[in-house]
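# What follows is a predicted protein model with its sequence.
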Amino acid sequence: MALIHGDLWAGNVLWTERDAHLVDPAAHGGHRETDLAMLTLFGLPHLDRVLAAYDEAAPLAPGWRERTALHQLHPVLVHAVLFGGSYGAQAGQLARQALRAG
């Protein structure tokens, strides 16, 4: 268990010359892979820098990339309910990926 942002997407990351700062936290206890899954879901400039910093501070468990779909499923389902559109199809795709990875 880790303290995670909870709603991490590019709009919640402010960059300086040296660092990134997180804003608008909905912080809670959760799995630390969730924040990375959110960043990969909605995209983030310099994501490779964030992943390298995570790996340097506390390496992620093997297979974390395969578990990304599982962590993305809930927020995509929420978006499907709120906004409809292609989020329903995306949720189905993520569910199939998560089942294959498990």
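That came through fine.
# Give me the number of neighbouring residues for residue 98.
Using other Cβ atoms under 10 Å, residue 98 has 17 other residues around it. Placement of C-beta: from N, CA and C, glycine included.
# for residue 90, same thing?
17.
# swap in residue 97?
17.
# So which residues of this protein form helices?
Applying DSSP state H to the chain gives helices spanning 33-42, 47-57, 68-83, 87-101.
# Export those helices to a markdown table and append columns for mean pLDDT.
Output for the helices of the chain, formatted as a markdown table (pLDDT from 0 to 100):
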| stretch | mean pLDDT |
| --- | --- |
| helix 33-42 | 90 |
| helix 47-57 | 85 |
| helix 68-83 | 95 |
| helix 87-101 | 95 |
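# Of those helices, which stretch is the most buried?
helix 33-42 (a mean of 20; mean count of other Cβ atoms under 10 Å).
# and that helix, what does it pack onto?
Under the contact definition 3 or more Cβ pairs under 8 Å, 6 or more residues apart in numbering; DSSP states H and E, helix 33-42 sits against helix 47-57, helix 68-83.
# how about 10 Å then?
Secondary-structure packing of helix 33-42 (3 or more Cβ pairs under 10 Å, 6 or more residues apart in numbering; DSSP states H and E): strand 2-4, helix 47-57, helix 68-83, helix 87-101.
# closest one to residue 21 among those?
helix 47-57 (12.1 Å; Cβ to Cβ).
# got the CA coordinates for the closest one in CSV?
Extracted in CSV, the C-alpha atoms of helix 47-57 (Å, rounded to 0.1, in the frame of the first residue of the first chain):
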residue,chain,number,x,y,z
LEU,A,47,6.6,10.0,-19.1
ASP,A,48,9.9,8.2,-19.6
ARG,A,49,11.4,10.6,-17.0
VAL,A,50,8.7,9.8,-14.5
LEU,A,51,9.1,6.0,-15.0
ALA,A,52,12.9,6.4,-14.6
ALA,A,53,12.4,8.4,-11.3
TYR,A,54,10.0,5.7,-10.0
ASP,A,55,12.5,3.0,-10.9
GLU,A,56,15.3,4.8,-9.2
ALA,A,57,13.4,5.6,-6.0
